[in-house]
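>>> One predicted model, sequence on top.
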Amino acid sequence: MRKKMKRSLIILFSLLLTSQLTHAQECLLSGKWKANKEKTIESIAKSKALNKEQKEFFIKNTTGNSIIENTCKDFTMHINDKVFNVKLLNLKEEGNTAITEYYSNTAKRIISRKSILLGECYYVENGYGFNEYYCKNN
């Protein structure tokens with residue numbers, strides 16, 4: 001009887017420890033986020049780095065359909081019917097800012113992106129001269 005009880009306590013302790021470690025691994029941008037078309041288009045329109053044709057192109061092609069699922073180790077992006085899984089090489093967080101580094105198969109190089117959390121939304125400095133906005137998707 002004592003053996004069973006001891007074994008049960010060890011299993012329970014292990015489960016609690018695992019639960020705590022999993023919770024401790026949450027990051028600033030952990031969770032599911034949906035693209036915010038309106039805020040992104042507003043950023044494109046205000047951009048000083050883009051000319052008129054570039055602004056028109058990005059506005060026309062901003063759908064707001066993408067969803068990103070972030071963890072501390074990777075992110076998964078759902079765009080229309082396509083799914084992209086990306087492993088993070090590095091993650092630095094300070095205050096409401098996260099800097100992620102990952103290898104892009106499309107660009108064939110390491111990409112570094114800065115994201116800033118603003119309440120229930122965050123934006124990514126995407127390198128094209130405007131910010132992409134994502135908001136919590138519960």
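Ah, there it is.
>>> Longest strand in the chain, please.
strand 82-94 (DSSP state E).
>>> Could you point out the helix or strand that follows that strand?
strand 97-104 (DSSP states H and E).
>>> ok now do the residue nearest to the spatial centre of the chain, which residues does it touch?
In the chain, the residue lying closest to the centroid (Cα atoms, centre = their mean) is Asn70, at 4.2 Å. Shown in contact with Asn70 (Cβ atoms under 8 Å, 6 or more residues apart in numbering): Cys27, Leu29, Ser30, Gly31, Lys32, Trp33. Any C-beta I mention is one placed from the backbone N, CA and C, and that applies to glycine too.
>>> For the longest strand of the chain, C-alpha coordinates in PDB please.
Provided in PDB are the C-alpha atoms of strand 82-94 (Å, rounded to 0.1, in the frame of the first residue of the first chain):
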ATOM      1  CA  LYS A  82      -1.100  27.100 -46.800                       C
ATOM      2  CA  VAL A  83       0.700  26.300 -43.600                       C
ATOM      3  CA  PHE A  84       4.300  27.300 -42.800                       C
ATOM      4  CA  ASN A  85       6.100  25.900 -39.800                       C
ATOM      5  CA  VAL A  86       9.200  27.900 -38.700                       C
ATOM      6  CA  LYS A  87      11.600  26.900 -36.000                       C
ATOM      7  CA  LEU A  88      13.100  29.900 -34.100                       C
ATOM      8  CA  LEU A  89      16.900  30.100 -33.900                       C
ATOM      9  CA  ASN A  90      16.900  32.800 -31.300                       C
ATOM     10  CA  LEU A  91      14.300  34.700 -29.200                       C
ATOM     11  CA  LYS A  92      15.200  37.800 -27.200                       C
ATOM     12  CA  GLU A  93      12.600  39.600 -25.100                       C
ATOM     13  CA  GLU A  94      12.700  42.800 -23.200                       C
END
